[in-house]
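J.: whatever this is, show me its structure:
(one chain, ligands or ions: 1)
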Amino acid sequence: MSEEFRDLMAGVCSPVSILTTVDEDGPHGVTVSSLASLSLDPPLVSVALDRRSRLLARVLQAGRFGVNVLAADQGDAAAVFARSGIDRFAEVTWSWSGSLPRLDRIAGWAVCELWQTMEAGDHLLLAGQVVQAESSALPPLVYGRRTFGTHSNLPPSSQDAIAQFITAMSR
Ligand SMILES: Cc1cc2nc3c(=O)[nH]c(=O)nc-3n(C[C@H](O)[C@H](O)[C@H](O)COP(=O)(O)O)c2cc1C
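T.: Residues are numbered from 1 along each chain as shown. Modelled structure (predicted):
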């Protein structure tokens with residue numbers, strides 16, 4: 001099942017983000033593809049972190065984390081923040097925002113307070129309450145079929161129908 005499950009999930013496209021936090025050793029960040037919207041009221045996101053992730057203990061201790069939603073041209077940053085044994089923050093341009101590390105030229109930014117955690121097999125599911133959110137018009141980086149790409153729109157005729165459907169649903 002493991003291989004079939006992996007192949008199935010390879011076809012489920014996801015955003016690519018860098019989760020960040022800070023402790024006495026300085027800034028920490030990790031690439032994740034598990035970010036998802038969880039609730040509107042209160043505004044919650046979820047993210048699954050591998051129990052072996054060094055960031056996990058730091059987020060649990062800090063009780064807050066930053067979400068850098070990457071833009072389409074930030075595949076290199078995604079690769080850097082998945083590698084071990086390097087100074088990840090030396091490879092990108094970033095600054096402090098709300099006392100959390102924020103990369104430059106990202107598609108979106110959120111500051112989250114840890115709301116709840118849930119055991120999820122070899123991962124821990126973190127629910128974060130979004131206390132600050134910003135987005136830009138930059139196209140997002142998307143992970144699918146084990147590679148990076150970006151979102152592209154359907155032809156305009158189908159777009160209109162979908163936009164109407166979504167607007168009607170969200171009323
Ligand atoms: C595209 C991509 C998506 C990833 N998504 C996740 C994820 O959702 N959760 C996770 O724990 N690790 C994920 N990883 C793996 C971590 O980025 C990687 O294991 C990292 O080295 C962990 O760093 P840390 O030990 O400093 O926490 C992903 C890696 C890539 C390249």
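
J.: so which residues make contact with stretch 45-56?
T.: 17, 19, 21, 28-30, 32, 34-38, 59, 67, 110, 112, 120, 122-128, 130 (Cβ atoms under 8 Å, 6 or more residues apart in numbering). Yep, even glycine has a C-beta here, placed from its N, CA and C like the rest.

J.: same thing with stretch 71-85?
T.: So stretch 71-85 is in contact with 16, 18, 29-31, 70, 86, 88, 91-92, 103, 105-107, 136, 138-143, 148, 150, going by Cβ under 8 Å, 6+ apart.

J.: any idea of the pLDDT on the spatially most central residue of the chain?
T.: Nearest residue to the geometric centre of the chain (Cα atoms, centre = their mean): residue 17, 3.1 Å. Looking at residue 17, its pLDDT is 98.

J.: next: the one 5 residues further on.
T.: On the pLDDT scale, residue 22 is placed at 97.

J.: and the closest residue to residue 16 other than its chain neighbours, how many neighbours does it have?
T.: Take residue 16 and drop its neighbours on the chain: the residue closest to it by Cβ to Cβ, 6 or more residues apart in numbering is residue 141, 4.4 Å away. Counted with other Cβ atoms under 10 Å, residues neighbouring residue 141 total 25.

J.: so residue 141 bridges to which residues?
T.: residue 150 (DSSP bridges).

J.: so residue 165, which of the three states?
T.: helix (DSSP: H, G, I helix; E, B strand; the rest coil).

J.: an error on my part: the question was meant for residue 38.
T.: Classified using three-state DSSP, residue 38 is strand.

J.: surely it and residue 118 touch.
T.: No. With contact defined as Cβ atoms under 8 Å, residue 38 does not count as touching residue 118 (10.9 Å).

J.: identify the contacts common to the two.
T.: In contact with both residue 38 and residue 118: residue 127, using Cβ under 8 Å, 6+ apart.

J.: all strands for the protein, in order.
T.: Counting by DSSP state E, one finds strands in the chain at the ranges 14-15, 17-23, 26-32, 36-39, 44-50, 64-69, 94-97, 100-103, 108-120, 123-135, 141-144, 147-150.
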